[in-house]
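Student: I'll drop the sequence and a predicted model, then ask my questions.
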Amino acid sequence: MYARHDLIWKAAANLLSASRFLLAGLWLAAYATGYRRPALLGPIALAAAGSDFADGRLARRAGSLDRFGQWLDAIADIAFILAALSCEARAGSIPAYIPVLISLSFTQYALDSVVILGSTAPVASHLGHWAGALNYVLVITLAFAAPPRLPGRLARRAAPLIGILYIAAMTERALNYRRSRPIPCSI
């Protein structure tokens, strides 16, 4: 009975992760139809951030931080973040280099987890973790208050600093290539 209970928690965690693919599709559909309103985008952004917050906790409750779930979480995050921020860049809310840097950072994260560090699960970095959290803050801010509203204007003005954080996260990873032991990814 205990194993079945854990399997249910694990499946729930993976479903929460996978929900971000659906949320990315909803964000893209909202942009494609011209419906960029906070009443729609705000709840999508909050649901994505909430699912990212909860999926790891559910997996840990099941005692099952498996490779599949860790990669599903990471790929679902990047799919949602890139869909949302690419739309925002196209709308002029943020510079296009922000989603480009996020894409490059994730590519480095995936490649260096597998190829350089030889891990079968994503390998976390400290700055990368904070950059990932910032991704959701940025998406939520733009969902509720894109430019010309003040929070959106501040996000746009902070874009160079945000870009520096992504570059610093990639640099941190590059400087740690000599590390012999991977750091486990916390979901």
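Tutor: Right, received. Where do you want to start?

Student: helix or strand next in line after the helix or strand bottoming out on mean pLDDT in the chain, which one?
Tutor: Sorting the helices and strands of the chain by mean pLDDT, DSSP states H and E puts helix 2-32 at the bottom, at a mean of 90. As assigned by DSSP states H and E, the chain's next helix or strand after helix 2-32 is helix 38-61.

Student: what mean pLDDT does that next one have?
Tutor: When pLDDT is averaged along helix 38-61, the result is 93.

Student: and the following helix or strand past that helix, what's buried?
Tutor: Under the assignment DSSP H and E, the closest C-terminal helix or strand after helix 38-61 is helix 67-90. Buried residues in helix 67-90, counted by 16 or more other C-beta atoms under 10 Å: 69-89. To be clear about C-beta, it is placed using only N, CA and C from the backbone, and glycine gets the same treatment.

Student: which strands and helices lie in contact with helix 67-90?
Tutor: Secondary-structure packing of helix 67-90 (3 or more C-beta pairs under 8 Å, 6 or more residues apart in numbering; DSSP states H and E): helix 2-32, helix 38-61, helix 97-111, helix 126-145.

Student: mind checking those for the one nearest to G163?
Tutor: Set against G163 and scored by C-beta to C-beta, these come closest in helix 97-111, at 5.6 Å.

Student: what lies in contact with that closest one?
Tutor: For helix 97-111, contacts defined as C-beta atoms under 8 Å, 6 or more residues apart in numbering pick out 74, 78, 81-82, 85-86, 89, 122-123, 125, 128, 131, 135, 138, 159, 162-163, 166-167, 169-170, 173-174.

Student: could you check the angle helix 67-90 makes with that helix?
Tutor: Computed with axes from the mean of the first three to the mean of the last three C-alpha atoms, to 10 degrees, the direction of helix 97-111 lies at 160 degrees from that of helix 67-90.

Student: circling back: buried ones in the least confident helix or strand of the chain?
Tutor: Neighbour counts over helix 2-32 (16+ other C-beta under 10 Å) mark 9-10, 12-14, 16-20, 23-24, 26-27, 30-31 as buried.

Student: ok, these vs D52, which is closest?
Tutor: Relative to D52, the closest of the buried residues of helix 2-32 is R20; by C-beta to C-beta it sits at 7.0 Å.

Student: contacting residues for the closest one?
Tutor: Counting by C-beta under 8 Å, 6+ apart, R20 has contacts 48, 51-52, 76-77, 79-80.

Student: and with 10 Å instead?
Tutor: 44, 47-49, 51-52, 55, 72-73, 75-81, 83 (C-beta atoms under 10 Å, 6 or more residues apart in numbering).

Student: could you export the helices and strands packed on helix 67-90 as CSV, including distance to G118?
Tutor: Output for the helices and strands packed on helix 67-90, formatted as CSV (distance: least, C-beta to C-beta, whole Å):
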stretch, distance to G118
helix 2-32, 24
helix 38-61, 23
helix 97-111, 12
helix 126-145, 18
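
Student: which one, of these, ends up nearest to G152?
Tutor: Checking the helices and strands packed on helix 67-90 against G152 by C-beta to C-beta gives helix 126-145 as the closest, at 5.0 Å.
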